[in-house]
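> Have a look at this prediction, sequence included:
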Amino acid sequence: MPPQAALRASVEVSDDKISVKAQMKIVLKDGTNYIELSQLPEAQYLRIVTDFSASVGERGTFVPVLYEYQITAENEVDSADMLWATRPDWERGTFSGAVGFAPVDRLRDYPAYTDIIHG
């Protein structure tokens with residue numbers, strides 16, 4: 001990740017998908033990050049809210065890139081492995097500002113425009 005860019009995440013847990021029972025804020029570093037979440041209470045649901053901070057200036061455009069989130073959760077009875085790493089996974093989220101995905105057909109070669117009214 002360029003030093004001019006940043007990624008911050010908030011891991012939130014909930015029992016009803018609405019109210020946040022607890023959260024943990026994380027500043028993600030370049031490379032693979034391993035974060036211990038055991039300080040969060042047991043809950044039925046987990047959400048990760050990520051803030052992408054880019055920089056545009058005379059020296060260039062610097063944008064952080066996030067490839068995947070992988071979560072392993074367990075209690076005395078169950079365990080679960082969750083992975084968010086594909087475009088459909090990310091598209092289920094919401095984006096604000098300029099972060100997001102370009103349309104799939106952004107490089108499509110459209111035929112020349114023909115104006116049948118004006119010839």
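Yep, that arrived.
> any idea how far residue 41 is from the closest residue to residue 63 other than its chain neighbours?
Leaving out its chain neighbours, the residue that sits closest to residue 63 by Cβ to Cβ, 6 or more residues apart in numbering is residue 54, at 4.4 Å. Where C-beta positions appear, they are placed from N, C-alpha and C, glycine not excepted. Remark: distance between residue 54 and residue 41 (Cβ to Cβ, to the nearest Å) = 34 Å.
> who has more neighbours, the two?
Ranked by neighbour count (other Cβ atoms under 10 Å), residue 54 and residue 41 place residue 54 first, with 15 against 9.
> quick one: that one and residue 60 touch, right?
No - counting by Cβ atoms under 8 Å, residue 54 stays clear of residue 60, with 10.7 Å between them.
> can you list the weak-confidence ranges in the protein?
94-119 (pLDDT under 70).
> residue ranges of the strands in it, please?
Using DSSP state E, the strands found in the chain span residues 6-14, 22-28, 45-53, 55-57, 60-62, 69-74, 79-84.
> surely residue 39 meets residue 24?
Yes - with contacts counted by Cβ under 8 Å, residue 39 reaches residue 24, the gap being 6.7 Å.
> quick one, which of these two is more surrounded?
The neighbour comparison of residue 39 against residue 24 (other Cβ under 10 Å) goes to residue 24, with 14 against 7.
> separation between the more buried one and residue 57?
For residue 24, the distance to residue 57 - Cβ to Cβ - is 32 Å.
> just residue 21 next, same as before
Shown here: residue 21 relative to residue 57, a distance of 40 Å by Cβ to Cβ.
> In terms of neighbours, single out the busier of those two.
Ranked by neighbour count (other Cβ under 10 Å), residue 21 and residue 57 place residue 21 first, with 15 against 8.
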